[in-house]
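> predicted model and sequence follow; I will ask about them next.
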Amino acid sequence: MIYLRTIRLLREQFPQTERYPFALPSIRQLDALELTSSVTFFVGENGSGKSTLLEAVAYQCGFHTAGGSRSNTYEVDRAKASLGDYIRLSWMPKQTNGFFLRAESFYQFASHIDQLERERPTGYAAYGGRSLHDQSHGESFLSLFIHRFSGKGIYLLDEPEAALSPMRQLAFLYVMKDLVAEGAQFLIATHSPILMGYPGAAILNFDTSPVEEIRYEDTEHYQLTRRFLENRDRYWIE
């Protein structure tokens, strides 16, 4: 299912500044992104703007920009969402159910869930039956994906592979497959060639200006990983 159809940048309203992220080539020359798949990956080098645009989408969706859904209102420094006021989202139909995962602030989200559990005990029903802090980093991510996510929602994930081993990344692909079958849409910023291999996904390359779709086999992530695995000794210089 594709709920979010278009991400449009209001470039005419950009502040007159050379500061990040407004000076990024990927952002300065981008008018709109048309989303054509239930699973879309944002890829590119660090600092290319992929996570910045993803958090701007989260901001416009009403999700907590440090991580969470529309119902999570915990007190913690929110991500700046520098582009949040400079994009417009086009929906068909509008979807308010969903979640924004920000790997770097997941600890604060887990602490927020503990606080909610103390106030209104549920037995951590939406998180595998125990505190996310009582699980390993990878286990807590998968608990979130399996128990908290459901069909008919939009899920924005910023580098979910940060806590996942290669085996757990494969497990997550199967979780995604089931959720997509139930009506979920995913936008994922990632460096993982495993996750990018999701069948039928659209991959948008933020290393080009403007951003454009790229074949899985043409991504630097795939090519470099493949070259390294096939001949790792060549990368070590005596």
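Here it is on my side, so go on.

> buried ones in the helix ranked longest in the chain?
Identified as the longest helix of the chain according to DSSP state H is helix 166-182. Buried residues in helix 166-182, counting neighbours by 16 or more other Cβ atoms under 10 Å, are found at R168, Q169, A171, F172, M176, L179, V180. Glycine gets a C-beta too; all of them are placed from N, C-alpha and C.

> which one of these is nearest L224?
Nearest to L224 out of the buried residues of helix 166-182 is Q169 (Cβ to Cβ; 17.1 Å).

> these two touch, right, that closest one and L195?
Yes - at 5.9 Å, Q169 counts as touching L195 under the criterion of Cβ atoms under 8 Å.

> what about stretch 148-166, how long is it end to end?
Its first and final residues considered, stretch 148-166 spans 22 Å by Cα to Cα, to the nearest Å.

> wait, what's in contact with E55?
Contact analysis of E55 by Cβ atoms under 8 Å, 6 or more residues apart in numbering lists T65, A79, A81, L83, G84, F100, R102, D158.

> quick check: the last one vs L229, distance?
The reference is to D158. Here D158 is placed at a distance of 26 Å from L229 (Cβ to Cβ, to the nearest Å).

> of those two, which one has the most company?
Counted by other Cβ atoms under 10 Å, D158 and L229 do not tie: D158 has more neighbours, with 25 against 8.

> look up phi and psi at that one.
The phi and psi values for D158, taken as degrees, to the nearest 10, are phi -100, psi 100.

> beta partners of it?
R102, A189 (DSSP bridges).

> and it, how far from L187?
Using Cβ to Cβ, one gets 9 Å for the distance from D158 to L187.

> what sits in contact with each of those two?
By Cβ under 8 Å, 6+ apart, the residues touching both D158 and L187 are L54.

> please enumerate the shared neighbours of Q169 and L195.
Shared contacts of Q169 and L195, defined by Cβ under 8 Å, 6+ apart, comprise E161.

> circling back: as TSV, the contacts of E55 with secondary structure, distance to Q108 and pLDDT would be great.
Putting the contacts of E55 into TSV (DSSP: H, G, I helix; E, B strand; the rest coil; distance: Cβ to Cβ, whole Å; pLDDT from 0 to 100) gives the following:
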residue	secondary structure	distance to Q108	pLDDT
T65	coil	12	82
A79	coil	11	52
A81	coil	16	70
L83	coil	22	88
G84	helix	19	88
F100	strand	13	92
R102	strand	9	84
D158	strand	14	93
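
> so where's this structure uncertain?
Along the chain, the model assigns pLDDT under 70 to residues 69, 71-80, 105-107, 237-238.

> please enumerate the helices of the chain.
Counting by DSSP H, one finds helices in the chain at the ranges 25-28, 50-61, 106-119, 137-143, 166-182, 220-230.

> tabulate those (CSV), appending distance to R19.
CSV is the format used below for the helices of the chain (distance: least, Cβ to Cβ, whole Å):
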stretch, distance to R19
helix 25-28, 11
helix 50-61, 12
helix 106-119, 26
helix 137-143, 32
helix 166-182, 34
helix 220-230, 27
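
> G151 is nearest to which of these?
Nearest to G151, of those and by Cβ to Cβ, is helix 166-182 at 2.4 Å.

> roughly how far apart are the most centrally placed residue in the chain and P199?
The chain has L157 as the residue nearest its centroid, 2.1 Å off, counting by Cα atoms, centre = their mean. Separation of L157 from P199 (Cβ to Cβ): 18 Å.

> just A32 next, same as before
With distances taken as Cβ to Cβ, A32 is found 26 Å from P199.

> residues near F206, how many?
Neighbours of F206 using other Cβ under 10 Å come to 26.

> next, count neighbours for the nearest residue to it once chain neighbours are set aside.
Counting by Cβ to Cβ, 6 or more residues apart in numbering, F206 lies nearest to G44, which is 3.2 Å off, once chain neighbours are set aside. Close neighbours of G44, defined as other Cβ under 10 Å, add up to 23.
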